[in-house]
Structures are given as C-alpha cells and as structure tokens.
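Participant: Sequence and predicted structure below; questions after.
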Amino acid sequence: MRVKDLLCPLSNKWNLERIRSTLPQYEDVILRIKTSSTQSPDSVVWLREKSGEYSTKTGYSLGITEGTTTPPATGSLDWLGDIWNVKTSPKLKDFLWRVAKRAIPVSSNLERRGFPSFNCKKCGGYEDDLRVFLSCPIAEEVWSLLPTTLKPSSSISTLTELFKQGKGCVPLPPTGLNAPIWPWVLWNLWKARNKLVF
C-alpha cells in the first residue's frame, strides 16, 4: 500500500472512508498529517535523518529510546558500570551485553520469537537465562567451587541482580587474579551449555 492509496485523486485530501476501511487504528494520526496541494510521486523518507535516508545509527538509537528493540532483561542496569566498564575482554563485554538484552538463544528468549520451548539439557528444567547461569545444578556447583569472597545468592530473580552481585565476586589471593572472574564464569557456563546442546 502507498500513501496515494489513502488520498482522493482529485483533491489530494485524505479519503476518510478508505482510511477507516484499511487503517482505522491510525485514523487520528493520519488525519493530523497535512497533505500537499499538488500531487507528487511517493517516495520513502526517513524523518529521523536530515537527508531523508535511513541509517542504522538512527534506527538503532530510535529503537533504544522508544523501546522497539528487545525488551530489557532488567529494571535498572547500569550499562557502563555493570557491562562496558568491567575490566575484561571486549568479547566478554559484548557477551554480557547480549545476556542483559536477552539476545542469547535460550528457550525463553527463542519462545518470544515463535520457536517451540525446550528444556535445559543439563537438568531437564525449563531453560531461561537464570537457569543457565545460576539455578541449574551444574551452574550452582560451579559457583560454589569458585574461589571468591562472595558468591551469587540462589534467591536472585533477575539478571540485574546477578550482574550486581557478580561485581562482588572478588577472587581470593591464591588465584592471583586482579580482573573480575564472574564474566568468565558466565561465558564458560554458556560455552558448556552450547557444547552439550550441539
């Protein structure tokens, strides 16, 4: 459908009957748009750019500001402090960002995209982000064996809480690590899960 299909060909005004029959939910929005007094050819225009052409930069920023991208995994994640400023490799920062945006292909995330659900291959429970990284028996064992001062609580209910508690997982002195260990734990749990699945 093109814009001209909603205009009266003689007066170049909105054809109210046509709008009501095809796009009634947008009637108010369409009628607020002023039409040209002369006919002009249809063209695709992206109003967010001065040039009128679409760019992925403005599309992405619009998606972030208007919430059209993947729903956030949490309520109040500090993107800089909890992900981008973590002293770890760029690969892990990207991975943490994908986990926080619920962009990793676990059953709960794929289900929102129309895929049938499946259970965790490790324990048989419903697979979601928190099960893979925290509540699966294998993940619980990994966290319990980790040589850190603090371990994530089993009562964590969101990924934000996991990320925030992960920052408190400081490696104990015999390990000799200065960098945070929790991103590597998440990464290796994910790799182990994938190796089992595939």
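Facilitator: All right, it came through fine.
Participant: Okay, residue 92 and residue 127: tell me how far apart.
Facilitator: Distance of residue 92 to residue 127, computed by CB to CB, to the nearest Å: 22 Å. Just so you know, the C-beta spots here come from the backbone N, C-alpha and C atoms, and that holds for glycine as well.
Participant: What of residue 115?
Facilitator: Distance, residue 115 to residue 127, by CB to CB: 12 Å.
Participant: In terms of neighbours, single out the busier of those two.
Facilitator: residue 127 (25 against 11; other CB atoms under 10 Å).
Participant: just checking, the more buried one touches residue 118?
Facilitator: Yes. Between residue 127 and residue 118 there is a contact under CB atoms under 8 Å: 6.5 Å.
Participant: okay, and the common contacts of the two?
Facilitator: residue 107 (CB atoms under 8 Å, 6 or more residues apart in numbering).
Participant: domains of this structure?
Facilitator: As recorded under automatic domain parsing, the domains making up the chain are 1-43, 45-70, 79-197.
Participant: Dump those domains to a markdown table, plus mean pLDDT.
Facilitator: Output for the domains of the chain, formatted as a markdown table (pLDDT from 0 to 100):
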| stretch | mean pLDDT |
| --- | --- |
| domain 1-43 | 82 |
| domain 45-70 | 68 |
| domain 79-197 | 87 |
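Participant: out of those domains, deepest packed?
Facilitator: Burial of these is given as mean neighbour count (mean count of other CB atoms under 10 Å); domain 79-197 ranks first at a mean of 16.
Participant: what about that one, start to end distance?
Facilitator: From its first residue to its last, domain 79-197 covers 30 Å (CA to CA, to the nearest Å).
Participant: Give me the distance from it to the chain's centre.
Facilitator: 16 Å (CA atoms, centre = their mean, to the nearest Å).
Participant: Check the gap between residue 133 and residue 167 for me.
Facilitator: Taking CB to CB, one finds residue 133 at 15 Å from residue 167.
Participant: And for residue 31?
Facilitator: Taking CB to CB, one finds residue 31 at 52 Å from residue 167.
Participant: my read is residue 53 is in a strand, agree?
Facilitator: No. Counting by DSSP: H, G, I helix; E, B strand; the rest coil, residue 53 falls outside a strand, being coil.
Participant: which SS class is the nearest residue to it once chain neighbours are set aside?
Facilitator: Distance criterion CB to CB, 6 or more residues apart in numbering; nearest residue to residue 53, sequence neighbours excluded, is residue 46 at 5.9 Å. For residue 46, the assignment made with three-state DSSP gives coil.
Participant: Tell me who's in contact with residue 46.
Facilitator: 52-55, 58.
Participant: would TSV of the residues you listed with distance to residue 146 be doable?
Facilitator: Output for those, formatted as TSV (distance: CB to CB, whole Å):
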residue	distance to residue 146
52	54
53	50
54	46
55	44
58	43
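Participant: Specify which member of these is nearest to residue 101.
Facilitator: Residue 101 lies nearest to residue 58 out of the contacts of residue 46, by CB to CB, at 19.1 Å.
Participant: Which of the helices or strands spans that closest one?
Facilitator: helix 56-66 (DSSP states H and E).
Participant: measure the closest residue to residue 150 other than its chain neighbours to residue 181 for me?
Facilitator: Excluding the flanking residues, the one nearest residue 150 by CB to CB, 6+ apart is residue 168, at 4.3 Å. The gap separating residue 168 from residue 181 is 11 Å, by CB to CB.
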